[in-house]
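[1] this one's structure only:
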């Protein structure tokens, strides 16, 4: 731990991070966490008091996409997260040490920081065949997870694979892969679904923990409500087109070029919760729907099996202003609004038809592509 | 004789284990083992081929985008789909910017700490560091005060006794040769490169929606609709300007920071032009179409193979000559494990026969890896930037030839010096320079198309699966940053019947084959001097020079459609 006379704010200033930048970072964090502005001061105060907690990042059956994602963190920057907010002592992708020096670094944390450090897990844990499908230093992922995670103050499951097994656990799940809370039930786990996790959310969870000494409010999947509490469809910049019945009918048609709704191209936004449309990616530059492709619902439970085929149109969609909450979607109550949806789907299709004036011979109400230019 | 084990090999993607025998202070033999297996190709069976790219992209989040591109190309090949020129251009921009991004991250964040002793930066004189920086580059961030601030930051870190990622390095190892000022310069650029990669990759955010794991590929083209008059369009004049700015900043960073740093580091480690040589066989599928995927003669980077260090002849490459062995891999072939199989005939039934974990050593005379051993015409081949640059150089590629000759002149080294650990590093930097320039050119070309109203990004003729034949099969390829990547797909009744990937790191990190030929990593480690077996930084230098990506390397597909079981065998 840091000597007791050193604070984070002091440490940041020594490292050339001035107070204005620090406060900007705090206000971004409070905004992401959906806290009232007055909390800026509280977050700042808490961070100034904080000593650098230790963090270890474990990689199991992973693609390192979540590690890469955190490398793209902008506010705070990855350097601030890794050097200033935390002492980031184990992370195979980027750590200096290798081999048994690396293993010793992890052991030291488990031994000396017991109950105080944060563990981040990326990737699934294979249970089949005594775990031979993933070993590090000759030990299985399960062995390491059971050794590290119960000793952590909290374990963050970063990305879909660490949450619920993700792609690795998709049917037929060849290696018996599971998420970290199933592999190590005694660990305190917060799940940050997404493929990958969005670094804005991960940073916000870490800062929340530093500020309040506890994890943020969670939903039924132990995901933070601030990030997973709202339906993508409700936050989507193309929502007005949906409401007005303006749909992309085929890739690269006139509607596609004008940024219309992607629902008919298989977008899963109406059955997905995430703050993707508001925080976006890569310093707020874009997100998939802005880039012209439907949402995959990558932050939804077991999305690889439950939301694919990805180009099939959702059978049921909440209608105009249907008062459906993210929690209800999570609980699978979407069917309750199916009636409204069908009505809206037809109504909007009819409006759409009137607007785009397809050939009169077109037999279908919902499948009439305006031919591209 | 001592057996060294490095596991985990860190600062790579994925799970790699190296075992090496040391005799008389040098490596006498080595074994490379991939220790993680997921079975992604098996998970693909029965799914919609149009979404295979979404799944295969998750093979790797470091090499994000590369499996997506290769997958859509495989399905397009199977179904006979030609993509519009704009889609091809956008794919080239994404692919080339991935080179620049990956190579910069590799040099600074995955490789530099093998050559740079961070703690020595504390002993540097910031004024002299400034002079050093200004003597090798016009890069503006070079003042004494700038380096002093970086040094203070390192000092604060060291004094806190919380060294974070740097806590377990081989600091003080006698194999570190840089003077303190060069160490401080490198630490400063480590930090700058972190900022660079975060900023630059917004090219992928614009054209891919996000990075990692871009989400704009489509079988038939791209989803990035173009519209010169629509602020909401994914590609419009404002976005082109933004892409052009990012591309130009990257060229400056590569030319004024990355390349001068590679030259400076190489100058202090010239021994490493004579180490890590490896196989001497190099393969490139070629890539970056400029007039259709079917015409390799017009690819920006050439297709070809070089055997036995002979740069006077570039051999033609036919992917039909690729086979994979499992003799030393934890799989069984139904007709015996001694012969290789082409990916279309490939079969995989995993059968772990290694030691029961936790274990100390692998049984390296038996099976010892989850990686298969790919071969080209039964030759072990090296793939990656060095292979591509050698093939391009030997084929007379004007830009590559100029860049290679320029770098070699500055290093006062002959072309044969490229067959080495430092040669891989130099080739990667040269490639980043050349491809950073291509990003700018292709963005300008795309802007021109937008201006002339050529807006097509997707060919939807075969989007509807009802238009497909009952059976089809196709091959997709890409020269990914780490080397030659191939996907083979078989489609039946609108679904994936079989899917196979032969991946760059499988070529490089794979184990021995049925004839006992070593893989590229194994061969490259031979004769490497080891000063301190407890801290084998020399092994890391050569292995890291390949830029390993193990998540990519391990695959399985069950070609016969059998459900497999994994008997516990010891």
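    That came in fine, so what should we check first? These figures come from a predicted structure and were not determined experimentally.

[2] which residues of the stretch 301-450 of chain B lie near chain A?
    Contact residues, the stretch 301-450 of chain B versus chain A (C-beta under 8 Å from any C-beta of the partner chain): B:350, B:352, B:354, B:356, B:357, B:358, B:359, B:360, B:370. Backbone N, C-alpha and C define where each C-beta goes, glycine included.

[3] among the residues you listed, which are located in strands?
    residue B:350 (DSSP state E).

[4] now the residues of the stretch 301-450 of chain B next to chain A as a markdown table including neighbour count and pLDDT?
    Below are these laid out as a markdown table (neighbours: other C-beta atoms under 10 Å in any protein chain shown; pLDDT from 0 to 100):
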| residue | neighbour count | pLDDT |
| --- | --- | --- |
| B:350 | 24 | 86 |
| B:352 | 20 | 94 |
| B:354 | 22 | 96 |
| B:356 | 11 | 96 |
| B:357 | 19 | 95 |
| B:358 | 12 | 95 |
| B:359 | 13 | 94 |
| B:360 | 8 | 94 |
| B:370 | 29 | 94 |
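
[5] mind picking the two most distant members of the residues of the stretch 301-450 of chain B next to chain A?
    Greatest spatial distance among these (C-beta to C-beta): B:350 and B:360, at 22.9 Å.

[6] can I get the residues of the stretch 301-450 of chain B next to chain A in JSON lines with distance to residue B:176?
    What follows is those, written out as JSON lines (distance: C-beta to C-beta, whole Å):
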{"residue": "B:350", "distance to residue B:176": "41"}
{"residue": "B:352", "distance to residue B:176": "39"}
{"residue": "B:354", "distance to residue B:176": "35"}
{"residue": "B:356", "distance to residue B:176": "39"}
{"residue": "B:357", "distance to residue B:176": "34"}
{"residue": "B:358", "distance to residue B:176": "32"}
{"residue": "B:359", "distance to residue B:176": "32"}
{"residue": "B:360", "distance to residue B:176": "29"}
{"residue": "B:370", "distance to residue B:176": "33"}
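
[7] closest one to residue A:293 out of the residues of the stretch 301-450 of chain B next to chain A, please.
    residue B:370 (32.5 Å).

[8] which ones are touching the closest one?
    Residues in contact with residue B:370, defined by C-beta atoms under 8 Å, 6 or more residues apart in numbering or on different chains, are A:133, B:33, B:34, B:35, B:36, B:37, B:329, B:330, B:350, B:554.

[9] OK, contacts around the fourth one?
    Contact analysis of residue B:35 by C-beta under 8 Å, 6+ apart lists A:134, A:135, A:136, B:7, B:15, B:16, B:17, B:369, B:370.

[10] excluding its backbone neighbours, what's nearest the fourth one?
    Think residue B:7. Once flanking residues are discounted, residue B:7 sits nearest to residue B:17: 3.7 Å by C-beta to C-beta, 6 or more residues apart in numbering or on different chains.

[11] ditto for the second one
    With C-beta to C-beta, 6+ apart as the criterion, residue A:135 has its nearest non-adjacent residue at 4.6 Å, and that residue is residue B:35.

[12] let me see the confidence value for that neighbour.
    The per-residue pLDDT reported for residue B:35 equals 93.

[13] picking up where we left off before, most neighbours of all the contacts of residue B:370, which one?
    Highest neighbour count within those: residue A:133, with 31 neighbours (other C-beta atoms under 10 Å in any protein chain shown).

[14] ok, it - contacts?
    A:61, A:126, A:175, A:177, B:36, B:37, B:38, B:352, B:370.

[15] chain neighbours aside, what residue packs nearest to the fifth one?
    Spelled out, it's residue B:36. residue B:15 (4.1 Å).

[16] for the stretch 1-150 of chain B, what spans make up the strands?
    B:2-6, B:16-23, B:26-34 (DSSP state E, counting those that start in this stretch).

[17] count of neighbours near residue 100?
    Using chain A. Residue A:100: 17 neighbours (other C-beta under 10 Å).

[18] my question was about chain B
    30.

[19] that one touches residue B:438, doesn't it?
    No - in this structure residue B:100 lies outside contact range of residue B:438 using C-beta atoms under 8 Å: 9.5 Å.

[20] dump the residue contacts of whatever residue of the stretch 101-250 of chain B ends up closest to chain A.
    Distances between the stretch 101-250 of chain B and chain A by C-beta to the nearest C-beta are smallest at residue B:168, namely 2.6 Å. By C-beta under 8 Å, 6+ apart, the residues touching residue B:168 are A:89, A:95, A:96, A:97, A:101, A:102, A:104, A:105.

[21] and the fourth one, how close does it get to residue B:166?
    Counting by C-beta to C-beta, to the nearest Å, the gap from residue A:97 to residue B:166 is 9 Å.

[22] more neighbours: which of the two?
    residue A:97 (26 against 21).

[23] what about that one, which SS state?
    coil (DSSP: H, G, I helix; E, B strand; the rest coil).

[24] contacting residues for it?
    A:104, A:105, B:10, B:167, B:168, B:169, B:170.

[25] redo the residues you listed as CSV? Include distance to residue B:150 and pLDDT.
    What follows is the contacts of residue A:97, written out as CSV (distance: C-beta to C-beta, whole Å; pLDDT from 0 to 100):
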residue, distance to residue B:150, pLDDT
A:104, 28, 96
A:105, 24, 96
B:10, 24, 96
B:167, 19, 89
B:168, 22, 89
B:169, 18, 93
B:170, 22, 95
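
[26] doesn't residue A:91 make contact with residue A:102?
    No - checked against C-beta under 8 Å, the pair residue A:102 and residue A:91 is beyond contact range at 9.5 Å.

[27] who's more crowded, those two?
    Neighbour count, other C-beta under 10 Å: between residue A:102 and residue A:91, residue A:102 has more, with 27 against 23.

[28] other SSEs contacting the helix or strand that one falls within?
    Using DSSP states H and E, residue A:102 sits within helix A:99-112. Other helices and strands packing on helix A:99-112, by 3 or more C-beta pairs under 8 Å, 6 or more residues apart in numbering or on different chains; DSSP states H and E, are strand A:54-59, strand A:87-91, helix A:141-148, strand B:2-6.

[29] now the last one, how far from the centre of its chain.
    Translated: strand B:2-6. 26 Å (C-alpha atoms, centre = their mean, to the nearest Å).

[30] deepest of the strands of the stretch 1-150 of chain B, which one?
    Using mean count of other C-beta atoms under 10 Å in any protein chain shown, the stretch among the strands of the stretch 1-150 of chain B with the largest mean neighbour count is strand B:26-34, at a mean of 23.

[31] and that strand, anywhere near chain A?
    No - legend: contact between strand B:26-34 and chain A by C-beta under 8 Å from any C-beta is lacking; minimum distance shown is 9.5 Å.

[32] for residue B:23, which residues count as its bridge partners?
    Note on residue B:23: beta-bridge partners by DSSP bridges are residue B:26.

[33] chain A versus that one, what's the distance?
    Per C-beta to the nearest C-beta, to the nearest Å, residue B:23 is found 20 Å from chain A.

[34] that residue touches residue B:1, doesn't it?
    Yes - counting by C-beta under 8 Å, residue B:1 is a contact partner of residue B:23 at 5.3 Å.

[35] doesn't residue B:477 lie inside a helix?
    No - with three-state DSSP as the criterion, residue B:477 is strand rather than part of a helix.

[36] what residues does it make contact with?
    B:70, B:73, B:285, B:287, B:319, B:484, B:485, B:486, B:487.

[37] residue B:116 too?
    B:176, B:178, B:182, B:183, B:186, B:187, B:190, B:265.
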